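In: Please work out how this folds:
(2 chains)
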Amino acid sequence: MMKPIALAVVLGLAALAVPYFGTEYALSFTMQLLVFMILAYSWNLIGGYTGYTHFGQVCFFGLGGYVGALLIQNAGMRWYFAVPVAALAGAALALPLGTAMLRLKGPYFAIGMFGLTRVLESLVLGFDSVTKGGTGLYLVPLDNLRPVYYALVGLAIVMIVGTWRLDNSRLGLKLLAIREDEQAADSLGVRTTRLKIGTFVVSAIAPAAVGALNAVYLGFIDPPTAFSPVMELTTIAIVLLGGMGTVLGPLVGAIVLSVVNELLWARFPEYYLAIVGTLLLLAVLYMPRGIVNLGMKRGWLPAGRSLFRQLAREGGRGRPPVAAPLVPDEAKRAEA
Amino acid sequence: MPITELLIGGLLLGGLYALMACGLNLIFGVMRVINFAHGELLAIGALSTVSLVAGFHFPFWSALLLVPILTAAIGLVMHKLVLQRLAGAPMIMSLLATYAISTILVNGAILTWGGGYRGLPGVLSGSVSVLGQNLSISRLVAFAVALGVSLAVWWVLEKTRWGRAVRSVSQAPELAEISGISIEHVRNTTFALGAAMAGLAGVLMAPTFASDPQLGVRFLIKAFAVIIVGGMGSYPGAIAAALLLGVIEVFGGYFTGAVIGSALLFLLMLAVLLVRPRGLLGVGART
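Out: Residues are numbered from 1 along each chain as shown, chains lettered A, B, ... in the order given. Coordinates of the predicted model:
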C-alpha cells in the first residue's frame, strides 16, 4: 500500500522541482507530458475501466479551450476562474451526450463521439463572429507560467490518486463488471446506465480544464489545434500502451510516448500520425494489455489489484481471487 | 423553382452516400466491426482517380474498374493482417485497430498526394436538362452508377448463394458455421466488396468534388448518420436513409446556412439514437 504513495510523492516532488531547476526545454517537455497524462487518465476511466471506445475526448479538450479563451478575452476573466468554468462546460456537454449515446451499447458511442468532434470543429469554424474561425484566438501572454504549470501538476495528481482510489473500490469493480459483461453486471444489480453516464461526465471534466490551461499556456487557440486528431490518437495510444484499466498504465504510457514524441516529432513530423498509428496497431495486436500488465506478468510489479490482494490475505469470502481478472476471455461479449 | 432543384441535388448526393454506407453496413453486418478506415478508402479512391486520369491520362471509365480493385486489395490486406486476428477480441480492440489504420492511411495519402485539394475538371463535363433543371453529367453518372451498384449488391445478397451465406453469417455466425459456410471466406470477400464500394464512391465523386486526404472523415460521419438512421445492418434501410439524408442535407444547408447545415445530419442521428435506436427500417438491435 505504501508503494504507490511513495512513488506519487517522488514524482510529485520531481514535477514541482522542474520550474526551479529545469531548463526551459525541460519545462515545456514536462508541460506536454502532464497534458497528455491528464488526458490519458481521463480516457482510462471510460475507455479502460468501463470499456467504451471513446474517439471524442478531444472535443472536450477543444470545448474547454474555447470556453476558457473566450471568457478570458471577452469577459476579462482571470485564467484561474476561467479554467473551472471551462471544466463545468465540459461536464455540461457530456451529460446530455452521454445520456443519448450511452443508453445504447457497442459501437454507437464510438460513432457518436467520433462525429461530434468534427461537428464541433466545423461549428467553431462557422461561428467566426465569436470564435474568429480559422484565424484563432490570441490571448495576452502571462508573465509567469509557473501557476499554470502547478495547476497541471495538481490536476495530474488528482487524476492519479482518484484512479488509484477507484481501482480499489467497489465502484471500480462495478465499472470493470460493465466492461466485462454489461448484461451480467446489470442483472447483478449494477446500475449500469447511471454509472456509465456518470463516468463519462467525470471523464469529460479534466480534458476541458486541460484544454483551457493549454490555451492559456500557449496563448493561442484555433480549431485544428483545439480539436486535433493527433491529440486524440496520442491519448488513446498512451492508455493502450501503458495498460487499459490500470492505475499506472496512463503514467507509464505517457512517459514512453512523450519520449517517442520528442524523438520523432522533431525529426519526422510528416510521418508522425502513421508512426503513432502503427504503434497503436502493434499494441492492439501484440500487447493489448499494455506495459503495466506485462510488468505484472513478469513480476516487476505486484500482480492484480491491491483490493484483491487484501481480500486474499484476509482469506474470507469463499474463494479469494489471487490474481485479478485483468482482461479475461471476452470473446462472448464481443459477439453478443 | 428552388424546391425541385434542391430535391434533385439532394437525391444526387444521396446516391453517393448510399454506395458508401452500404459498404460500411455490409462490413458491420458480417464482422460486427465499424470500419473507421472506410472514409480513407473513399479518399484514396478519389485521389487515385485524379492521379490516373489527370496524371497518367487513363480514360475515366478505366478508373471505374481499376480503383475499386485497388481499394478492395487494401481492404483485404487490412482484414487479413489485422482484423482477422482480432476475431475473438473485445470490440474495443477492433475499433481501435480500424481507427489506427485510418490514421496510417490518412498519413500515407498526405505523403502521396500532398495535403491540398485536387479535382478533375473537364471529365464528364457538360450538362443535360432534366425536369427543367440543368444537371451536370458527372453528377448524373455518379448517381446512376452509385445507386445501380448499391441495388445490384442488394440483389446479389438476396438472390445468390454467396449472398445467402453473407446474410446467414451476419445473422447467426455459429449456425452458419455449423451449416458448412466458411466464415473466413465470407468475411474476406465481404470486406473486399465493402472496400471496393468505398473506392468506387471515391471514383464517382472525383469529377464533381475537390478531393483531399481529409475527405474521408467528413464522408464517414455522414455514412454513419445514414446507417444509424436507416438501421444498422439493414441494407434497404441504408439506401432509403442515404437518399433521405442527402435531401435533408441539401435543404438544411439552403434554409439554415452552412454552419447549421453541416451539423444537421449529426443532430438528426442523435435524435434517432434517442427515439428509435434501431433505425427507421432496422430489424431489431443486435448490439
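
In: got the phi/psi numbers for the residue in the stretch 1-150 of chain A positioned nearest to chain B?
Out: When scored by Cβ to the nearest Cβ, the stretch 1-150 of chain A has A:Gly126 as its residue closest to chain B, at 3.2 Å. Every C-beta, even on glycine, is put in place using the N, C-alpha and C of the backbone. The phi/psi pair for A:Gly126 (degrees, to the nearest 10) reads phi -70, psi -40.

In: Quick check: closest non-adjacent residue to it.
Out: Spatial nearest neighbour of A:Gly126, excluding adjacent residues (Cβ to Cβ, 6 or more residues apart in numbering or on different chains): B:Val259 at 3.2 Å.

In: That neighbour belongs to a strand?
Out: No - B:Val259: not assigned to a strand; according to DSSP: H, G, I helix; E, B strand; the rest coil it is helix.

In: Wait, it touches A:Ser122, no?
Out: Yes - between B:Val259 and A:Ser122 there is a contact under Cβ atoms under 8 Å: 7.5 Å.

In: if you count what's nearby, which of those two comes out ahead?
Out: More neighbours surround A:Ser122 than the other of B:Val259 and A:Ser122, with 20 against 16 (other Cβ atoms under 10 Å in any protein chain shown).

In: Figure out the helix or strand that that one lives in.
Out: Applying DSSP states H and E as the criterion places A:Ser122 in helix A:107-126.

In: Show the contacting residues for the closest residue to B:Asp212 other than its chain neighbours.
Out: Residue nearest to B:Asp212 in three dimensions, not counting chain neighbours: B:Tyr117, with 4.7 Å by Cβ to Cβ, 6+ apart. If you count contacts by Cβ atoms under 8 Å, 6 or more residues apart in numbering or on different chains, B:Tyr117 has them with B:210-212.

In: Taking those residues, please make a ChimeraX selection of just the buried ones.
Out: Burial among the contacts of B:Tyr117 is assessed by 16 or more other Cβ atoms under 10 Å in any protein chain shown; the matching ChimeraX selection reads:
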select /B:211,212
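
In: Reformat the contacts of B:Tyr117 as a markdown table; add secondary structure, pLDDT and distance to A:Pro147.
Out: Supplementary listing: those in a markdown table, determined by DSSP: H, G, I helix; E, B strand; the rest coil; pLDDT from 0 to 100; distance: Cβ to Cβ, whole Å:
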| residue | secondary structure | pLDDT | distance to A:Pro147 |
| --- | --- | --- | --- |
| B:Ala210 | coil | 85 | 46 |
| B:Ser211 | strand | 88 | 46 |
| B:Asp212 | coil | 88 | 41 |
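
In: out of the contacts of B:Tyr117, which one sits closest to A:Met231?
Out: B:Asp212 (20.6 Å; Cβ to Cβ).

In: excluding its backbone neighbours, what's nearest B:Leu41?
Out: Counting by Cβ to Cβ, 6+ apart, the residue nearest B:Leu41 is B:Ala198, at 3.9 Å.

In: Which pLDDT value does the model give the residue nearest to B:Asp212?
Out: Listed pLDDT for B:Tyr117 reads 86.

In: and the residue nearest to B:Leu41, how many neighbours does it have?
Out: 35.

In: any idea which helix or strand comes after the helix or strand that contains it?
Out: Here B:Ala198, judged by DSSP H and E, is contained in helix B:183-205. Where DSSP H and E defines the elements, the next helix or strand beyond helix B:183-205 is helix B:215-230.

In: what helices or strands is that next one leaning on?
Out: The contact analysis (3 or more Cβ pairs under 8 Å, 6 or more residues apart in numbering or on different chains; DSSP states H and E) places helix B:215-230 against helix A:107-126, helix B:2-31, helix B:38-50, helix B:91-113, helix B:235-275.

In: so it versus helix A:107-126, what angle?
Out: Orientation of helix B:215-230 against helix A:107-126 (axes from the mean of the first three to the mean of the last three Cα atoms, to 10 degrees) gives an angle of 130 degrees.

In: what angle do helix B:215-230 and helix B:235-275 make?
Out: Using the same axes, to 10 degrees: helix B:215-230 against helix B:235-275 is 80 degrees.

In: Tell me which residues are up against stretch A:78-89.
Out: Taking Cβ under 8 Å, 6+ apart as the rule, stretch A:78-89 contacts A:63-65, A:67-69, A:71-72, A:77, A:142, A:147-148, A:151, A:205-206, A:208-209, A:211-213, A:216.

In: so for stretch A:155-172, what's the average pLDDT?
Out: Here the average pLDDT along stretch A:155-172 is 89.

In: And it, how far out from the chain middle?
Out: 12 Å (Cα atoms, centre = their mean, to the nearest Å).

In: ok, now stretch B:79-92?
Out: For stretch B:79-92, the distance to the chain centre is 21 Å (Cα atoms, centre = their mean).

In: check contacts around A:Asp39.
Out: Not Asp; residue A:39 is Leu. A:Leu39 neighbours (Cβ under 8 Å, 6+ apart): A:57, A:61, A:206-207, A:210, A:231, A:235, A:238.

In: Next one, pLDDT for it please.
Out: For A:Leu39, pLDDT reads 95.

In: How about A:Arg317?
Out: 49.

In: before we move on, back to that, what subset of the contacts of A:Leu39 is also close to chain B?
Out: The subset of the contacts of A:Leu39 within reach of chain B, by Cβ under 8 Å from any Cβ of the partner chain, is empty.

In: and which of the residues you listed is nearest to A:Arg289?
Out: Nearest to A:Arg289 among these: A:Ile238, at 14.7 Å, using Cβ to Cβ.

In: Quick check: what element follows the helix or strand containing the closest one along the chain?
Out: Per DSSP H and E: A:Ile238 is located in helix A:229-242. The first helix or strand that comes after helix A:229-242 along the chain, using DSSP H and E, is helix A:249-267.

In: quick one: average pLDDT of the helix holding B:Ala198?
Out: For helix B:183-205, mean pLDDT is 92.

In: Would you point out which residue of chain B is nearest chain A?
Out: Counting by Cβ to the nearest Cβ, chain B gets nearest to chain A through B:Val259 (3.2 Å).

In: Quick one, grab the pLDDT at that residue.
Out: pLDDT for B:Val259: 71.

In: Can you list the low-confidence ranges for the stretch 151-300 of chain A?
Out: Nowhere does the stretch 151-300 of chain A drop to pLDDT under 70.

In: With the stretch 1-150 of chain A instead?
Out: A:1-5, A:105.

In: Enumerate the positions of the helix or strand harbouring A:Leu11 that are buried.
Out: A:Leu11 is located in helix A:2-21, with elements delineated by DSSP H and E. For helix A:2-21, burial by neighbour count (16+ other Cβ under 10 Å) applies to A:4, A:11, A:15, A:18-19.
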